[in-house]
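Peer 1: sequence and predicted model, in that order:
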Amino acid sequence: KAGVTQTPRYLIKTRGQQVTLSCSPISGHRSVSWYQQTPGQGLQFLFEYFSETQRNKGNFPGRFSGRQFSNSRSEMNVSTLELGDSALYLCASSRQNWGAGELFFGEGSRLTVL
Amino acid sequence: DAKTTQPPSMDCAEGRAANLPCNHSTISGNEYVYWYRQIHSQGPQYIIHGLKNNETNEMASLIITEDRKSSTLILPHATLRDTAVYYCIVRVVGAENYGGATNKLIFGTGTLLAVQP
């Protein structure tokens, strides 16, 4: 069965631009979470969606936003990019947001801001 | 606000068992212990999880102490491909109608396991 798919895998943007990243969860999974990974801060939780509703949000500025569609696919958007936004952005999916289930991660989208 | 403490790095000889410790002394009753690993530049990979009983699957074994304040992940026969950063995470697990149910994972700094030939 297909895993979590993230697109694009790599992208380069300049300061001030905006970016949209996409995540397609495993078929049947309704929960999608996003994480940012940087060398300095490690893996940090961004937000979590379940049934098109944001259920949890990490400590990131309002420039970071996301949404989930009725087919469970999710997008995250970063506006007014800063150099510090350069990171690996990871998406994880799970069947639901309760119970002791596994979270499956995609390979990530690596964003470089110049 | 990671709730776990792990050694920053460990070495293991290929073919030997790798025992990765984790301290989670503030774990609460509805928190499970999860282990993930991340091979360089890839997404984290789920390994195993448990509540209070020892668990085993095709990848590893998880030993949780009786007081649940610490655990050990055991890779029985480490190979070079097991070289990765291993993360121990405690996660609140709730029922369907539990308002606090969440898939949020709080990653610490993990343990870099280097398997030596």
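Peer 2: Thanks, I have it. Numbers count the residues shown, from 1 in each chain, chains lettered A, B, ... in the order given.

Peer 1: where along chain A do the strands fall?
Peer 2: Per DSSP state E, chain A carries strands over the ranges A:5-7, A:10-13, A:19-24, A:31-38, A:42-50, A:53-57, A:64-68, A:74-78, A:87-94, A:104-105, A:109-113.

Peer 1: and of these, who's closest to B:Ser9?
Peer 2: Closest to B:Ser9 of these, according to C-beta to C-beta: strand A:42-50, at 14.8 Å. Any C-beta I mention is one placed from the backbone N, CA and C, and that applies to glycine too.

Peer 1: point out where chain A drops to low pLDDT.
Peer 2: Filtered on pLDDT under 70, chain A yields the residue ranges A:1, A:97-100.

Peer 1: I misspoke; the intended subject was chain B.
Peer 2: B:1-2, B:94-101.

Peer 1: if we can go back for a sec, which one of the strands of chain A lies closest to B:Pro76?
Peer 2: Closest among the strands of chain A, using C-beta to C-beta: strand A:104-105, at 23.7 Å.

Peer 1: return the distance of the closest one from the chain's centre.
Peer 2: 11 Å (C-alpha atoms, centre = their mean, to the nearest Å).

Peer 1: neighbouring strands for that strand, and are they parallel or not?
Peer 2: Strand A:104-105 pairs in its sheet with strand A:87-94 (antiparallel), by DSSP bridges.

Peer 1: what's in contact with the partner strand?
Peer 2: Contacts of strand A:87-94 from elsewhere in the structure, counted by C-beta atoms under 8 Å, 6 or more residues apart in numbering or on different chains, are A:4, A:6, A:21, A:23, A:25-26, A:29, A:31-38, A:43, A:46, A:72, A:74, A:76, A:101-106, A:108-111, B:41, B:43-44, B:103, B:105.

Peer 1: who touches the residue nearest the centre of chain A in this structure?
Peer 2: By C-alpha atoms, centre = their mean, the mean C-alpha position of chain A lies nearest to A:Trp34, the distance being 3.2 Å. By C-beta under 8 Å, 6+ apart, the contact list for A:Trp34 reads A:23, A:45-48, A:66, A:74, A:76, A:89-92.
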